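Q: After the sequence you'll find the predicted model.
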Amino acid sequence: MKLARKTLAECPWASLQTVQDYSKQVASEAREVMAAVENNDVENLKEELGDLFWDTLMVILIAEKEGLFKSSEPMAALIGKMRRRKPFLFTGQKVTLAEAEQMWAEAKLKEKTQK
């Protein structure tokens, strides 16, 4: 996180990026991850996943800089979503594949109807 913050503060290119600008980087890296998977290229997959992680982190920090949200909020949102959709991971409850899929689908449907 420290390196990403330093990059955003000191890199002439990164410091000018907006969420909209940098989101194009995320899309590009996601396509490269998909290509590595399709080509069964494990070494490239490791590299591209790192790039995707970096670009995701940069978008989070740019969004924070733009005042859209705090950098901790996306992870908090993810953890909340996993608690709702996969509660068994947090309770130690053993579930079957069918039960896990049903919990996921029900939670996702409930989330959509509450929006």
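A: Perfect, I can see it now. For clarity, every value in this text was computed on a predicted model and none was experimentally measured. Numbers count the residues shown, from 1 in each chain.
Q: excluding its backbone neighbours, what's nearest the residue nearest the centre of the chain?
A: Most central residue of the chain, judged by C-alpha distance to the mean C-alpha position with Cα atoms, centre = their mean, is T56 at 6.2 Å. With sequence-adjacent residues excluded and distances taken as Cβ to Cβ, 6 or more residues apart in numbering, T56 is closest to V26, at 6.1 Å. Quick note: C-beta positions are derived from backbone N, CA and C, even for glycine.
Q: Isn't that neighbour up against L57?
A: No - under the criterion of Cβ atoms under 8 Å, V26 makes no contact with L57, lying 10.1 Å away.
Q: Specify the residue ranges that define each domain of this protein.
A: 1-69, 72-115 (automatic domain parsing).
Q: hmm, back to that, in what helix or strand does the residue nearest to the centre of the chain lie?
A: helix 42-65 (DSSP states H and E).
Q: roughly how far apart are G80 and L68?
A: Noted for G80: a distance of 18 Å to L68, by Cβ to Cβ, to the nearest Å.
Q: Ok, W104 next?
A: Distance from W104 to L68, counting by Cβ to Cβ: 28 Å.
Q: Work out the gap between the following helix or strand past the helix holding T56 and the centre of the chain.
A: Heading C-terminal from helix 42-65, the first helix or strand you meet, by DSSP H and E, is helix 73-85. With Cα atoms, centre = their mean, to the nearest Å as the basis, helix 73-85 stands 11 Å off its chain's centre.
Q: Equivalent analysis for stretch 10-30, please.
A: That offset, for stretch 10-30, works out to 15 Å (Cα atoms, centre = their mean).
Q: what's the span of that stretch, first residue to last?
A: End-to-end distance for stretch 10-30, by Cα to Cα, to the nearest Å: 26 Å.
Q: Mind checking the pLDDT average for it?
A: Taken as a whole, stretch 10-30 has a mean pLDDT of 93.
Q: Tell me the buried residues in it?
A: By 16 or more other Cβ atoms under 10 Å, the buried positions in stretch 10-30 come out as 14, 17, 19, 22-23, 25-26, 29.
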